[in-house]
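1. dropping the sequence and predicted coords here.
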Amino acid sequence: MARSRFPSPLGRRAALGILGAGLSGPFIRPSLAQAAWPEQTTIPDSLKGTGEVRIAGYGGTMQEAQQKAYYDSFEKLSGIKVLAFPGASPTKVKAMVETGNVEWDMAQLSRGSIMNLMKTGDYFEKIDYSLVDDGVGKEHRFEYGLEMLVWAQVLAYRTDAFKGSAPTGWADFWDTRKFPGDRAMFGTSGGGWPEMEFALMAAGVPADKVYPLDVDKALASYTKIKKDVVKWWDTGAVPIQLLTDREVTMTTVWNGRMAALQAAGVPAAISWEQGLSKRDAWGIPKGAKNKANAMKFAAFSTMAIPQARIAFAIPYGSVNGGSNEYIPPDRLAMLPSAPEIKKKLVNYNYDWWIDNREAVIPKFNKWLLS
Amino acid sequence: MVPLLLAAPLVLYMLAFYALPVLAMLMRSISDPTWSLTHYKDLAGDPVFIKVFWNTLETSFIVTVSTLLLGYPVALALVRAPKWAPLILILILLPFWTSVLVRSYAWMVLMGRHGLINEALLAAGLLERPLRLLNTPLATQIAMTHILLPYMILPIANALRQIDPSLARAASGLGATPFASFRQVTLPLSMPGVAAGVLLVFVLALGFYITPAMVGGPREITLSMLISQQVEELNWAYAATLSAVLLATALGIIALFYRLPGIGNAFTTSGR
Amino acid sequence: MAAELGASVALRDLEKSYDRVAAVAGVSLDIRSGEFLTLLGPSGSGKTTTLMMIAGFETPTGGDIAIDGTSVVGMPPYRRNIGMVFQNYALFPHLTVAENIGFPLKQRGVSKEDRARLVGEALELVHLPGYGGRYPRQLSGGQQQRVALARAIVFKPRLLLMDEPLGALDKQLRENLQLEMRRLHADLGITFIYVTHDQEEALTMSDRIAVMNDGLVAQVGRPEDLYDRPSNRFVASFIGESNFLPAIVRALEDNDVVVAECQGALIRAVCPSRPAAGDKVMLTTRPERLRFTDGAWNSSTPQNRLSVTVTEAVFAGERCRYMLQAGDGTAVVLKEPSSAAIRRRAVGEQAEIAWSVADTILV
C-alpha cells in the first residue's frame, strides 16, 4: 500500500511515472489560479516553536502543492523551518527505525501502511491530539497517525468508447458486452492490495455490506473479468497511460491522476459511483529527533485553511470539515471529500485489510497465476 | 603481495557495500523472526512461488535462446564484415546506452493496441481488428530479447574475433565448404563466447523486473516482481528467502557453466 | 612417373591491386609438373599475394591462373584440391593432431577407417607416429609444422603451396626441416610452390627460383644460374653479396663477352644482351671470386685486374674479409679463405686484384 500517487524523482515507480510525464503539467486550472487562495494569518501559540522539522512526502507535484499549501505558511507562522524530502515509504521508515538512523521527523504514508507496520513492531510515535483542530473528523484520527489527505480509487473510462453511454459502478465495469474493450485493475505486484471491494459490488453486494469481505465470492467474481484485464497495474501512471493509448476502455485509477489526463485533452472521465475513499496520513517515526515540531506541523496542516489550500493545488480532498467553505464550487466538484461525491464512495476499511491481508494476498496471487 | 595490496581497496569496497548487505539479507531469511529454515520449507510448498519461479526460468530460457539465434549471425557479421562493423556496432550499442525504461516504452508505442505494428497491419488490410501484442508474454520476450541482445552479441563477437583468420583459410584450402568450415571450425571455436553470452543473458534475464512489469501479460509475475511485492508488503524475511533462491539459482547456473569442459576457462583466459 | 603426380601451373600476366596499388603487377610463370619452385623476394614483393591467388584466397584483378591447363580463376579454394601450409601452421586448436590431419579427408567423404589409416601413414611420413591423440598446443613449433605438412598432403593433392612455413622456427630446426621437405618432395613427386624471403633456404631446396621484386618476377632460374648469372642488379644484390663497378662499354667480342672500361682498366664481362659501345653499364662480381694477384693465385683463364687500396680488414674465422677502394672511390669487397699460409693485408696497403671473366656479369 505504499503506492505513490505522485510523480517523484526516485525509484522505479517514479521512473514509470515518466510515462505520464507529458500529462503532469497543469494541475492548477487557470480559473483556480486566478481565484483567491484562502490565507491562514494566525495560529495558536501551542503550534509555535523553534528549530526544524524534516518531512518526507512523495516529491514531485505533490511536494510542490504542499510547499504552497502549508509548508511555507507554517514556516512563517510557527518559526519552525520545514525541510521536505521526497521518497516516503513504509519500507524506509521500517529500515530507519530498525537501524536507529531516523532521518525523517514525519512521513506521508497510507493509513494502511502505518497500521500494517505497527502490527509488526513499534515504528511510530503516538499522535498528540490536544493540538489537533476540532474540524478534523473522528474517522480521520487514529493512535499512530493523523490523516491529512483524502483520495479515491475509482472507475475511469474513455468517453469515446461507448457511443455516449456512461458506466456507473462495477456491474458496468464487469459487463464487457454493454461496454466492450479491455480493462485494467490494481494488482499486487508492487505490494498493492487487490480491489476485492469492486469485485464484490460487481457481484451485487450492496456498498454498505461489502465489509467484511467475502474473499472467495470476490475471487469468483474476479474470474468473470479475468480474461479482459490486460494489466494488473501497480503504479498510478500505468492506468493513465493505458487510457491515453487506448489499450483499455475502462480501468481503475487514483482520482488525482485524472485531472492531468483531462487537462491534456484525452476524452476520459471518472465515474465516482462505488469508488473507494482512501486516506493518507502523517506518521511520526519512532525516535524522530524533532518529534514535537512534527506534532505541531501535523496539527497545522490539518486546519481548515491549509487543507483547503491543498485542494486548490491538486484535486485531493480535505480531512477538515471546515475546509469546504473556502473552496469554490467548481473545484469542490472534483474532490473526493465533496459532500456530493463523498456519498457515492465507499469508505475503505483499513482495519479489515490489516487483519486479513496476510491471508488474502497469497490467495489472490494464487488465483491470478492459476 | 603487492598485487594483492592493489586489490585491497576494491575488496574492502565489495565487502562493505556488497558482501555484507547480501549476507545480512541472507541472514534475515533464516533468522526472522526466529532461527529456522521455515521460510525455505514454506517456499517448497508454495504454489505461487513455484509458478513464479517456473515462469521466470521459462522466460529466461526463451529469451536466451532467441538472443542466441538472433545474436550469433550479427556477431558473425560484425567480425566478418569489417566495413560494416562500425555501423553494426552503433546499432547494437545505441539501445545499449538507452535506458531500459525508454526502450520498454518504445516497445509499448510499437506494440500497443493502436501502436505502429497494429496500425500498419490494419492499414495494409492484413488485420480486421488490432492484435493484442502488448501486455502479453510474447511482448515481454520480444522486449527482453531486444534489451539483452548486446550481452549475447558482444561476447560471441569477441570470441569470433580471437579466432585466427588463417584457420578459415586453412579449412577452405583443405576442402571445407563455407558451411562445413563454419560448422567444424568457427562454431566450435566460438563456443566460449556463446557460453559467456548464454550465461550473461540467462542470469540477467532471471532478475528482470521493469520490462515484464511494463509490457508483460496480466499473469506474468517474475521472481523479482514477487520480491518487490514482498518488500513492499513488509514481508522482508519472505523477500529475503526469495532473493536467496534467485541468487542461488544464478550462482548455480554460473557453477554449471564453469564445469562444462572447455568453457570454464573462457572466463579466465582468452580461450586460445 | 613423378611428372604424372604433380600438377603444372601457368600464370599469365597475373595482377592484383588493392585500391589501385599493384601488389602483383603482371606475373607470368610456368611451373612444371613435379617441380619445387620457390617464390623468393623481400617483403612486399608480391610473392605471398601470388601464392594466395594460386590457392584461391585472393582474386586476381587481371590475368589468368591455369592448373593442368584449366583456368581456376573464380573457383573457390575448397574446390581446387591444393595442399597448403601456412607460416603460423593454422592448425585447428580444438581438434587433435589426428583430427587435424583427417580434416581434409573428412571433407572429401573418406570413411572413418580409411581416414584412420591415411592419417597414420601421414604421421609416419612426417616422423610423428603416436602423436595423433595430442592437441596442437601440446606440440613444439617444429612438430606443429610437421602436422601442418601432413595435413596438407594427406589427401594426396597434386600441388602443395607453402607460405614461409619455416619462418617461425630456429635455425637448426629450419635446416632439418628443409632437408625433410626436399626428401618429401622427392618421395611424393608432386609440385611444390614455396614462398620465402630467405635466399639460403631458396637456394638449398628449390629446383627453380623465381625472384620477385615490386610485384614482378625479376628472374627465374635454377639456383646456380641466379647466383652465377644474375640478369639484373636487383637479383645480383638480393641473392648473395655482390660488387658493382660502373663502366663504359668499349667493344663487343664473341661468346657474349663485352669489353668495358672501368677505373681506367679494361674489364671483360659476360653479357647475354648486346649493349652498344659507349653505353654506361654496371658490372658485378662476387666478393669470394676476387683474389689478390700477389697471393696464392693460380689460374689460366682470362683475367680482369684492378688496382685498389685496402681500407678495412676483418678476420672472420674461415674467411678474411677486405674492404677495398678503387681509384675513383668505388668500394669493393673481397673475401679470401683464411690460411696461416696467406699473408694478411694491412689497412692502407696498395694491391692489385684479379678475377675471372666468367665471374663478371654485366647487369
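-> Perfect, thanks for sending it.

2. those helices in chain C, which residues are they?
-> In chain C, the helices defined using DSSP state H lie at C:2-5, C:47-55, C:97-107, C:112-125, C:141-153, C:171-188, C:199-205, C:223-228, C:233-238.

3. quick one: these as CSV, columns for mean pLDDT, distance to residue A:123 and mean neighbour count too.
-> The way it works is simple: take the backbone N, C-alpha and C, and place the C-beta from them, glycine included. Output for these, formatted as CSV (pLDDT from 0 to 100; distance: least, Cβ to Cβ, whole Å; neighbours: other Cβ atoms under 10 Å in any protein chain shown):
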stretch, mean pLDDT, distance to residue A:123, mean neighbour count
helix C:2-5, 57, 94, 12
helix C:47-55, 96, 78, 24
helix C:97-107, 97, 69, 24
helix C:112-125, 95, 75, 16
helix C:141-153, 94, 72, 23
helix C:171-188, 91, 80, 16
helix C:199-205, 92, 87, 19
helix C:223-228, 93, 97, 17
helix C:233-238, 92, 91, 20
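
4. can I get those in TSV with distance to chain B?
-> Listed next are the helices of chain C as TSV, based on distance: least, Cβ to the nearest Cβ, whole Å:
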stretch	distance to chain B
helix C:2-5	19
helix C:47-55	6
helix C:97-107	4
helix C:112-125	13
helix C:141-153	7
helix C:171-188	17
helix C:199-205	21
helix C:223-228	28
helix C:233-238	27
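
5. which one of the ones you listed lies closest to chain A?
-> helix C:97-107 (50.6 Å; Cβ to the nearest Cβ).

6. okay, now the residue of the stretch 1-150 of chain C found nearest chain A: neighbour count?
-> Scanning the stretch 1-150 of chain C for the residue nearest chain A gives residue C:94, at 44.4 Å (criterion: Cβ to the nearest Cβ). Using other Cβ atoms under 10 Å in any protein chain shown, the number of residues around residue C:94 comes to 18.

7. could you find the closest non-adjacent residue to it?
-> In space, and not counting its chain neighbours, residue C:94 is closest to residue B:188: 5.0 Å by Cβ to Cβ, 6 or more residues apart in numbering or on different chains.

8. quick check, the one you found in a helix?
-> Yes: the assignment for residue B:188, made by DSSP: H, G, I helix; E, B strand; the rest coil, places it in a helix.

9. before we move on, back to that, isn't the residue of the stretch 1-150 of chain C closest to chain A up against residue B:189?
-> Yes: counting by Cβ atoms under 8 Å, residue B:189 is a contact partner of residue C:94 at 5.8 Å.

10. in chain A, where is pLDDT below threshold?
-> Within chain A, the segments meeting pLDDT under 70 span A:1-35.

11. in whichever helix in it runs longest, what's buried?
-> If you go by DSSP H, chain A has its longest helix at helix A:350-369. Neighbour-count burial for helix A:350-369 flags A:350, A:352-354, A:356-357, A:360-365, A:367-369 (criterion: 16 or more other Cβ atoms under 10 Å in any protein chain shown).

12. got the contact list for residue B:136?
-> The contact partners of residue B:136, by Cβ atoms under 8 Å, 6 or more residues apart in numbering or on different chains, come to B:216, B:217.

13. kindly recompute the last result at 10 Å.
-> A:230, B:111, B:142, B:215, B:216, B:217, B:218, B:219, B:220 (Cβ atoms under 10 Å, 6 or more residues apart in numbering or on different chains).

14. what subset of those residues is buried?
-> A:230, B:111, B:142, B:215, B:216, B:217, B:218, B:220.

15. quick one: pLDDT of residue C:316?
-> Note on residue C:316: pLDDT of 85.

16. specify the beta-bridge partners of it.
-> Beta-bridge partners of residue C:316, counted by DSSP bridges, are residue C:319.

17. ok, it touching residue C:287?
-> No: Residue C:316 is beyond contact range of residue C:287, at 11.9 Å (criterion: Cβ atoms under 10 Å).

18. show me the common contact partners of these two, please.
-> residue C:335.

19. more neighbours: which of these two?
-> Applying other Cβ under 10 Å to residue C:316 and residue C:287 shows that residue C:287 carries more neighbours, namely 20 against 9.

20. who in chain B is up against chain C?
-> Contacts of chain B with chain C, taken as Cβ under 10 Å from any Cβ of the partner chain, map to B:163-178, B:180-181, B:184-185, B:187-189, B:191, B:262, B:271-272.

21. so among the residues you listed, which ones count as buried?
-> B:163-164, B:166-176, B:180-181, B:184-185, B:188-189, B:191, B:271.

22. sorry, back to before: okay, the helices of chain C in JSON lines with distance to residue A:59 next?
-> Below are those laid out as JSON lines (distance: least, Cβ to Cβ, whole Å):
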{"stretch": "helix C:2-5", "distance to residue A:59": "86"}
{"stretch": "helix C:47-55", "distance to residue A:59": "67"}
{"stretch": "helix C:97-107", "distance to residue A:59": "65"}
{"stretch": "helix C:112-125", "distance to residue A:59": "72"}
{"stretch": "helix C:141-153", "distance to residue A:59": "67"}
{"stretch": "helix C:171-188", "distance to residue A:59": "75"}
{"stretch": "helix C:199-205", "distance to residue A:59": "79"}
{"stretch": "helix C:223-228", "distance to residue A:59": "87"}
{"stretch": "helix C:233-238", "distance to residue A:59": "80"}
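
23. and of these, who's closest to residue B:58?
-> helix C:97-107 (37.9 Å; Cβ to Cβ).

24. what's the neighbour count on the closest residue to chain C within the stretch 1-150 of chain B?
-> When scored by Cβ to the nearest Cβ, the stretch 1-150 of chain B has residue B:83 as its residue closest to chain C, at 13.0 Å. The tally of other residues near residue B:83 (other Cβ under 10 Å) stands at 6.

25. just to be sure, it is in a helix?
-> No: using three-state DSSP, the assignment for residue B:83 is coil, not a helix.

26. how close does it get to residue B:165?
-> Distance of residue B:83 to residue B:165, given as Cβ to Cβ, to the nearest Å: 15 Å.

27. now residue C:5
-> Distance, residue C:5 to residue B:165, by Cβ to Cβ: 32 Å.

28. now residue A:213
-> 70 Å.

29. ditto for residue C:311
-> Note on residue C:311: its distance to residue B:165, by Cβ to Cβ, is 51 Å.

30. ok, residue A:369 - contacts?
-> B:47, B:48, B:49, B:50, B:51, B:52, B:54, B:55, B:219, B:220, B:221.

31. now the two most distant members of those residues.
-> Every pair of the contacts of residue A:369 checked by Cβ to Cβ; the farthest is B:47 and B:220, at 16.3 Å.

32. hey, where'd the strands end up in the chain?
-> As the question left the chain open, I've gone with chain A. A:52-56, A:81-85, A:106-110, A:141-142, A:145-158, A:183-186, A:229-233, A:250-254, A:268-283, A:346-347 (DSSP state E).

33. ok, and the closest non-adjacent residue to residue C:229?
-> Here the residue nearest residue C:229, using Cβ to Cβ, 6+ apart, is residue C:361, at 6.2 Å.

34. any idea how far the residue nearest to residue A:124 when sequence neighbours are not counted lies from residue C:54?
-> Excluding the flanking residues, the one nearest residue A:124 by Cβ to Cβ, 6+ apart is residue A:144, at 4.1 Å. Taking Cβ to Cβ as the measure, residue A:144 falls 90 Å from residue C:54.

35. then residue C:226?
-> Residue C:226 is 21 Å from residue C:54, by Cβ to Cβ.

36. same question, residue B:24
-> Separation of residue B:24 from residue C:54 (Cβ to Cβ): 69 Å.

37. how about the residues of the stretch 151-300 of chain A near chain B?
-> Proximity of the stretch 151-300 of chain A to chain B, by Cβ under 10 Å from any Cβ, involves residues A:181-185, A:187-193, A:226-235, A:238, A:241-242, A:245-248.
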